[in-house]
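Asker: Sharing a sequence plus its predicted fold:
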Amino acid sequence: MNARKYIEKEQKAMQKLMNFRLPRKFMYYGLTIAALSIIMMFVRAFLLEGDTLMLKEVLKKTLLVGMLIMSLSEDKEEDELTIKLRMQSYAWAFVIGVIYALIMPYVEYGVSNAVNSGGEAYKDLGDFQVLLFMLMIQLMFYHTLKRYR
Amino acid sequence: MENTIHVERAILKLTQDELAKKIGVSRQTINSIEANRYVPSTVLALKLAEVFGKSVNEFFSLSDDD
């Protein structure tokens, strides 16, 4: 295999990867997983007793997985405009997510110390908070852009 | 970019939905193209040309700000 053919093969593989989408029905699977995770989070917080820290961590992960499945699933009418809108929503989610991760710790620290003197110590955001925020922004932007197309 | 797709569509007595089905996109995409909110790809422009039986530059033209 010469270099040109190798590059073309790589380009095709990359294109296939970029165009990857889960079938439409996965939107409902994702929605169900995310909804169940949120419900279980409330159940854990208000009804379950004892050490449920492990369950909390698992539910955080399943919520992210559910939202990722929703984000990756195909639209009912998938065409080049919806693909463009999805790309725009990912770009905005990335930019807003970075700004959120940079600013939010200072906001939390400032508010906490303004409300009660000697409030919380400064701490960075956790991965769950940033990823959840980015996925929420992506889904929200995509569906809003789609509504106004 | 400006276009006269709605005129071409009227000549063929096609609704936005019918045209959308012919070229495999959603009705909203045709609406966005007609309203100049979205510039279609070359593939989609050629599909439109095939439906209208005309060349692409007969119904797409550059505007002053392009």
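Answerer: Happy to help now that I have it.
Asker: Give the rounded mean pLDDT of the top helix by length along chain A.
Answerer: Of all the elements of type helix in chain A, the one with the most residues (DSSP state H) is helix A:80-115. In this model, helix A:80-115 has an average pLDDT of 91.
Asker: and after it, which helix or strand comes next?
Answerer: Downstream of helix A:80-115, the first helix or strand assigned by DSSP states H and E is helix A:127-147.
Asker: Report the angle between that next one and helix A:80-115.
Answerer: Relative orientation of helix A:127-147 versus helix A:80-115 (axes from the mean of the first three to the mean of the last three Cα atoms, to 10 degrees): 140 degrees.
Asker: Next, the buried residues of the longest helix of chain A.
Answerer: For helix A:80-115, the neighbour count (16 or more other Cβ atoms under 10 Å in any protein chain shown) marks A:81-82, A:84-86, A:89-90, A:92-93, A:96-97, A:100-101 as buried. In this view, the C-beta of every residue, glycine as well, is placed from N, C-alpha and C.
Asker: Which neighbouring elements make contact with that helix?
Answerer: Using 3 or more Cβ pairs under 8 Å, 6 or more residues apart in numbering or on different chains; DSSP states H and E, the elements in contact with helix A:80-115 are helix A:127-147, helix B:27-34.
Asker: Past the biggest helix by length in chain B, which element shows up next along the chain?
Answerer: For chain B, the helix with the greatest residue count under DSSP H is helix B:42-52. Counting by DSSP H and E, the next helix or strand C-terminal to helix B:42-52 is strand B:60-61.
Asker: Give me the contacts around that following strand.
Answerer: Residues from elsewhere that reach strand B:60-61 (Cβ atoms under 8 Å, 6 or more residues apart in numbering or on different chains): B:Met1, B:Glu2, B:Asn3, B:Ala45.
Asker: Tell me the one of those nearest chain A?
Answerer: Of all the contacts of strand B:60-61, chain A sits closest to B:Ala45, with 10.9 Å by Cβ to the nearest Cβ.
Asker: wait, that closest one sits on B:Asn57?
Answerer: No. Using Cβ atoms under 8 Å as the test, B:Ala45 is too far from B:Asn57 to be in contact (9.5 Å).
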